[in-house]
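1. Sequence first, then the predicted structure:
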Amino acid sequence: MEDDPINRFVLLVLFQAQQDRATELIFAPASVDSAPIRYKVDGTWYDLSPPPASILPDVMNELGRLAKLTNGAKEGEICATFSNARLRWRITVSGAEAGFLLTPITAHT
């Protein structure tokens, strides 16, 4: 799984948001008003460079897989390791466009 570029991309985004002490992270289909990936630190939203639009569905699927969102589940948890850091995020399906809202589960280290 470490060689899967979609998995690596998702874990890298989670890692970066955790390192920056994000309190919220959003993965959502691209819209006119906002980037598909953004996170909030100290009340300010930051847009991340989006992946190519062609792989965004794969990114969303990987998030669902990591959180074990099956059978229409709307909430889950992601527990993974990246670059020797433990990543723990709570994930919720948000909105009609099936975007994801993530919040950290534990304090940042």
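-> Yes, it's here. All values reported here derive from a predicted model rather than from experimental measurement. Residues are numbered from 1 along each chain as shown.

2. which other residues reach whichever helix in the chain runs longest?
-> With secondary structure taken from DSSP state H, the chain has its longest helix at helix 5-19. With contacts defined as C-beta atoms under 8 Å, 6 or more residues apart in numbering, helix 5-19 is touched by 1-2, 25, 27, 37, 39, 48, 51, 55, 58-59, 62-63, 66, 78, 80, 82-83, 85, 87, 89, 102, 104, 108. For the C-beta atoms, the positions are set from N, CA and C on the backbone; glycine is no exception.

3. if you average pLDDT over it, what comes out?
-> For helix 5-19, mean pLDDT rounds to 94.

4. swap in stretch 68-87?
-> pLDDT averaged over stretch 68-87 gives 91.

5. so what strands line up beside whatever helix or strand comes next after the longest helix of the chain?
-> Later in the chain than helix 5-19, the nearest helix or strand by DSSP states H and E is strand 24-27. Strand pairing for strand 24-27, determined by DSSP bridges: strand 37-41 (antiparallel), strand 99-104 (antiparallel).

6. could you dump those strands to JSON lines with mean pLDDT?
-> JSON lines is the format used below for the strands paired with strand 24-27 (pLDDT from 0 to 100):
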{"stretch": "strand 37-41", "mean pLDDT": "93"}
{"stretch": "strand 99-104", "mean pLDDT": "92"}
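
7. possible to save those as JSON lines with mean neighbour count and distance to Gly72?
-> Formatted as JSON lines, the strands paired with strand 24-27 follow (neighbours: other C-beta atoms under 10 Å; distance: least, C-beta to C-beta, whole Å):
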{"stretch": "strand 37-41", "mean neighbour count": "19", "distance to Gly72": "24"}
{"stretch": "strand 99-104", "mean neighbour count": "19", "distance to Gly72": "15"}
